[in-house]
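Trainee: Turn this into a model:
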Amino acid sequence: MPATAMNHFTILTDDLAATTTFYSELLGLTEGWRPPLGFPGAWMYCDGQAVLHIVAGRPMPTPRSGVLDHMAFSANDLPRTLALLRARSLEYDLRRQPESGMWQLFFRDPNGARVELDFDVHERETAA
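Mentor: Take a look at the predicted model:
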């Protein structure tokens, strides 16, 4: 049976509040319903879909990034996103794909997981 869509990513954290705040403020994800799983955590939603599951209360892996290379989200408003990253003094790597012109923005969450945001080719690096 072939896969038909990505359902969610799961990350581990030792600071649940900082992690939910990070994804809420930077990516606009909202914390929503989560079943009583018997351990602390949160589910973060995008357009009604729980795309990020956060698990707390477990030991963190070494290295902290574990086996997940990165998670990627489609995004918009590149200038605002860059301003948010700068305001938090977060290091980032902004790339433009040579053939497509699509913007790729990479940075790390509070737990060391690498996040990629993909912006449309027509976005500008600075506000117009």
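Trainee: And the helices in this structure, which stretches?
Mentor: 16-27, 78-87 (DSSP state H).
Trainee: Give the other helices and strands that the longest one contacts.
Mentor: Contacting helix 16-27 under the criterion 3 or more Cβ pairs under 8 Å, 6 or more residues apart in numbering; DSSP states H and E are the following elements: strand 30-32, strand 41-46, strand 49-56, helix 78-87. For glycine as for every other residue, the C-beta is placed from the backbone atoms N, C-alpha and C.
Trainee: Would you mind finding the most buried of the helices of the chain?
Mentor: Counting by mean count of other Cβ atoms under 10 Å, helix 16-27 has the highest mean neighbour count of those, with a mean of 17.
Trainee: what residues does that helix touch?
Mentor: Residues outside helix 16-27 that contact it (Cβ atoms under 8 Å, 6 or more residues apart in numbering) are 11, 13, 29-31, 40-42, 44, 46, 52, 54, 56, 73, 75, 81, 84-85, 88, 109-111, 115, 117.
Trainee: go with 7 Å
Mentor: 13, 29-31, 40-42, 44, 52, 54, 56, 73, 84, 109-111 (Cβ atoms under 7 Å, 6 or more residues apart in numbering).
Trainee: Show me which of these is closest to Ala5.
Mentor: Phe73 (14.2 Å; Cβ to Cβ).
Trainee: Could you double-check that that closest one lies in contact with Phe119?
Mentor: No: between Phe73 and Phe119 no contact is recorded; they are 10.2 Å apart, counting by Cβ atoms under 7 Å.
Trainee: so where's this protein shaky on pLDDT?
Mentor: Low-confidence segments of the chain (pLDDT under 70): 1-4, 67, 127-128.
Trainee: Please repeat the previous calculation with a cut-off of 90.
Mentor: For the chain, the stretches with pLDDT under 90 are 1-10, 37, 58-72, 74, 97-102, 111-114, 118-120, 123-128.
Trainee: list the contacts for Leu94?
Mentor: So Leu94 contacts Trp103, Leu105 (Cβ under 7 Å, 6+ apart).
Trainee: Please tell me how far it sits from Phe107.
Mentor: Shown here: Leu94 relative to Phe107, a distance of 9 Å by Cβ to Cβ, to the nearest Å.
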